[in-house]
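Student: got a sequence here, can you build the structure:
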Amino acid sequence: MTFTFLAAQDRSERGWSNYDVLAGDVNGDGRTDLIWNETGDINRTYVGLANRNGTFTFLAAQDRSERGWSNYDVLAGDVNGDGRTDLIWNETGDINRTYVGLANRNGTFTFLAAQDRSERGWSNYDVLAGDVNGDGRTDLIWNETGDINRTYVGLANRNGTFTFLAAQDRSERGWGNYDVLTGDVNGDGRTDLIWNETGDINRTYVGLANRNGTFTFLAAQDRSERGWGNYDVLAGDVNGDGLTDLIWNETGDINRTYVGLANGNGTFTFLAAQDRSERGWGNYDVLTGDVNGDGRTDLIWNETGDINRTYVGLANRNGTFTFLGAQDRSERGWSNYDVLAGDVNGDSRTDLIWNETGDINRTYVGLSDF
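Tutor: Predicted structure coming up:
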């Protein structure tokens with residue numbers, strides 16, 4: 001078997017429908033913890049610390065004292081570089097306001113005061129997290145893709161604050177259909193930006209990160225194939241060379257995967273398609289992770305409807321995948337579950353976590369068997 005399925009764990013509290021669930025290593029022990037955060041009028045956080053057997057120790061709530069959080073996005077990252085996952089709340093409307101919660105070893109957070117950018121008009125920006133300057137701390141990246149492509153960076157400081165940098169614009173126009181991803185395309189330890197459009201054509205632009213928090217913008221690369229409107233684009237290290245590759249996956253009637261292997265200079269070598277033989281993939285989520293612990297990014301397809309079915313594609317050194325058979329959980333009724341990937345028991349292999357947040361908060365884990 002690929003995964004060992006564990007029994008459910010329920011939190012005792014009720015009323016979870018407004019919570020987001022995130023994964024990260026809050027206490028720095030090398031295991032993936034769960035974080036539930038509600039941002040409405042109040043900002044309330046619960047943590048489940050992962051144990052070596054795949055279960056979680058549930059901690060009490062922590063509330064921020066401020067009110068009015070409904071317009072905030074919550075992100076996870078290591079802002080101060082101490083090896084623990086901190087929380088970042090960012091509002092992008094007229095103003096751009098950021099709050100940080102620095103993680104403590106016991107699974108709680110130390111809440112810091114707000115930081116505002118001086119510019120106005122942020123409602124069209126996406127906020128991303130990554131280590132732009134390679135100092136081991138999680139920086140913030142704001143990117144707008146409409147007619148123009150404009151990027152702002154906030155470089156993280158050791159005390160949990162950010163140093164805000166000026167904008168950078170790409171010279172090209174017409175970015176409304178692009179997805180923006182992060183990864184280390186050239187293997188220098190800094191987080192680069194990748195813009196990808198999947199419509200009739202598949203076009204990719206890269207911004208290579210510099211040590212000062214700026215980006216060097218590269219020219220476009222196009223795949224020769226046409227008809228990409230139904231593809232998801234993901235980032236990962238498929239061949240284990242330390243560079244971030246691109247993966248395009250279509251899950252409709254067929255399941256088709258294309259890979260672009262990073263060359264180290266910010267360009268990609270495009271590989272031919274791989275199809276799974278099964279049919280009927282329209283209800284599947286696709287995730288990435290290292291299921292067998294070989295340092296390469298595998299693909300995981302999971303369907304959560306009446307049944308819970310999982311397929312895995314193990315990555316090979318040449319950028320292809322070895323497709324494994326299905327695994328079904330015996331329980332029924334999964335349509336309200338979110339699926340996450342992480343290393344729950346700290347064995348360096350990617351496990352699966354299913355979490356339902358409605359009236360109850362129920363968690364199932366599948367531990368990787370490899």
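
Student: and the contacts of stretch 46-57?
Tutor: By Cβ atoms under 8 Å, 6 or more residues apart in numbering, the residues outside stretch 46-57 that reach it are 6, 9, 11, 13, 19, 26-27, 29, 31-37, 58-62, 107-108, 344-346, 351, 363, 365, 367. Backbone N, C-alpha and C define where each C-beta goes, glycine included.

Student: OK, contacts around Asp298?
Tutor: Thr288, Gly289, Asp290, Val291, Asn292, Val312, Gly313, Leu314, Ala315, Phe321, Thr350.

Student: what of Ile247?
Tutor: Neighbour list for Ile247: Val233, Leu234, Ala235, Gly236, Val238, Thr257, Tyr258, Val259, Gly260, Thr288, Thr297, Leu299 [criterion: Cβ under 8 Å, 6+ apart].

Student: count of neighbours near Phe270?
Tutor: 19 (other Cβ atoms under 10 Å).

Student: so what sits opposite it in the bridge?
Tutor: Each beta-bridge partner of Phe270 is listed here: Gly260, as defined by DSSP bridges.

Student: the contacts of Ile247 into CSV, with extra columns for neighbour count, pLDDT and secondary structure?
Tutor: Output for the contacts of Ile247, formatted as CSV (neighbours: other Cβ atoms under 10 Å; pLDDT from 0 to 100; DSSP: H, G, I helix; E, B strand; the rest coil):
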residue, neighbour count, pLDDT, secondary structure
Val233, 20, 99, strand
Leu234, 20, 99, strand
Ala235, 21, 99, strand
Gly236, 18, 99, strand
Val238, 31, 99, coil
Thr257, 23, 99, strand
Tyr258, 21, 99, strand
Val259, 25, 99, strand
Gly260, 25, 99, strand
Thr288, 19, 99, strand
Thr297, 24, 99, coil
Leu299, 25, 99, strand
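
Student: any idea what the nearest residue to Arg276 once chain neighbours are set aside is bridged to?
Tutor: What sits nearest to Arg276 in space, not counting adjacent residues and going by Cβ to Cβ, 6 or more residues apart in numbering, is Asn255, at 4.1 Å. Here Asn255 sits in beta bridges with Thr251, going by DSSP bridges.
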